[in-house]
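1. here is my input; please provide its structure:
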Amino acid sequence: MASSMRCTARLTLNTLPPLGPALEFAASLPQPRYGGPLIAPLLADAARSRFAADGVDATNLAVTSGAMDAVERVLSAFDLRIGDRIGVEDPGHIPVHQIARSAGLELVPLPVDEHGITPTGLEAALTKGLAAIVATPRAHNPTGAAFTAERAQTLTNLLARHPATALIQDDHAGLVAGVDYHPLAPPGPRWATMRSLGKSFGPDVRVALVVGDEQTIHRVSVGLSNGPGWVSFILQRAAAFLLEDPATTALLAQRPPPVTPGDGTYSSMRSPTTACKPAVRRVSMCGYQRRRSSQQSLLPAAPGMPSGPGLRIRSCQNKPYE
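-> Numbering: from 1, shown residues only. Model (predicted):
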């Protein structure tokens with residue numbers, strides 16, 4: 001069954017921008033000192049302008065080492081307790097599931113179709129009392145689904161009845177998502193949105209931009225300050241250079257050929273993602289539902305533990321999860 005479950009993204013791999021000029025620029029500036037700001041001013045300005053263009057409040061900003069680092073730090077910043085319930089996409093990004101479970105949270109599945117989280121699935125999950133949810137507005141992993149304006153509004157209306165639910169939106173693809181950004185409105189005071197720059201500039205550019213409410217971003221910043229200190233200013237400045245570089249902007253605007261509707265594949269970035277319905281159906285029905293029925297778990301079994309039927313999802317050129 002594994003061979004029939006492969007959902008391979010079509011992605012042009014030779015369109016990453018050259019890092020040489022960006023790194024040369026970054027290295028030409030003075031090094032930061034202990035006790036200074038955690039965010040390079042050049043990157044802060046570029047980040048806020050791009051969030052503002054999408055109508056996202058970027059008053060409170062942090063920089064982390066990638067989107068999953070951001071998800072983990074934000075969950076730690078929320079006032080969650082062991083045993084609290086968190087809604088996660090099903091199927092969804094395995095590291096998100098693992099981070100939530102390692103924090104002692106109970107995972108509640110949020111079914112996904114070609115437009116992302118389904119209204120009926122969210123409504124059912126909310127009745128169980130969710131302390132938080134993690135949503136992917138576009139370039140959903142593994143299906144490539146993306147919120148339409150109508151779906152985002154419907155989900156926002158459902159969430160509005162639950163102001164105690166904290167909202168994380170993982171807009172990991174950001175600049176190269178290939179579709180318009182239709183986010184959910186936070187239902188209450190606790191929220192965060194993150195965008196990875198590694199998808200745009202290359203996986204070794206370990207930089208993610210994180211915005212959210214004042215308390216959450218303050219706690220994320222304190223955690224960074226007490227741990228690694230900050231994300232390398234070499235990387236931050238290089239990212240700022242690339243964000244403002246016209247040649248890079250033109251390069252990222254290029255898109256591969258569109259996906260043929262109904263062929264069971266999807267494009268994870270840079271092209272419309274509404275042709276993924278067959279892939280969503282196969283992943284949901286053949287893999288995750290069977291595994292849940294046998295283990296009551298959204299996650300693959302740990303090494304040495306019994307598991308249900310196997311599930312293989314192949315994304316871009318990464319090795320598949322088994």
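2. from now on I want contacts and neighbour counts done on CA atoms only, so please keep to that.
-> Fine.
3. please tell me how far Q169 sits from P37.
-> 25 Å (CA to CA, to the nearest Å).
4. repeat that for N60.
-> 14 Å.
5. next: L16.
-> Distance of L16 to P37, computed by CA to CA: 29 Å.
6. so these two - more neighbours on which side?
-> L16 (16 against 12; other CA atoms under 10 Å).
7. so the closest residue to L110 other than its chain neighbours, which state does it fall into?
-> Nearest-residue entry for L110: E89, 4.6 Å, with adjacent residues in sequence omitted and distances by CA to CA, 6 or more residues apart in numbering. Following DSSP: H, G, I helix; E, B strand; the rest coil, we place E89 in the strand state.
8. how close does E89 get to R206?
-> 24 Å.
9. which of those two has more residues huddled nearby?
-> E89 (27 against 22).
10. ok so H182 is a strand residue?
-> No - with three-state DSSP as the criterion, H182 is located in coil rather than a strand.
11. in terms of contact, does it touch F147 like I think?
-> Yes - taking contacts as CA atoms under 8 Å, H182 lies within contact range of F147: 6.0 Å.
12. what are the boundaries of the strands in the stretch 51-200 of the chain?
-> Taking DSSP state E, counting those that start in this stretch as the test, the strands found in the stretch 51-200 of the chain are 61-64, 85-90, 106-113, 116-117, 132-135, 166-170, 191-196.
13. ok, residues contacting the last one?
-> Right, the one you point to is strand 191-196. 66-67, 70-71, 74, 166-174, 206-213, 216 (CA atoms under 8 Å, 6 or more residues apart in numbering).
14. quick check: angle from that strand to strand 166-170?
-> Angle between the axes of strand 191-196 and strand 166-170 is 10 degrees (criterion: axes from the mean of the first three to the mean of the last three CA atoms, to 10 degrees).
15. and strand 191-196, which strands flank it?
-> Here strand 191-196 has these sheet partners by DSSP bridges: strand 166-170 (parallel), strand 208-212 (antiparallel).
16. so where's the stretch 201-322 of the chain shaky on pLDDT?
-> For the stretch 201-322 of the chain, residues meeting the criterion pLDDT under 70 lie at 255-322.
17. which residues touch the residue lying closest to E123 once chain neighbours are set aside?
-> Take E123 and drop its neighbours on the chain: the residue closest to it by CA to CA, 6+ apart is L158, 6.6 Å away. L158 makes contacts with 119, 122-123, as judged by CA under 8 Å, 6+ apart.
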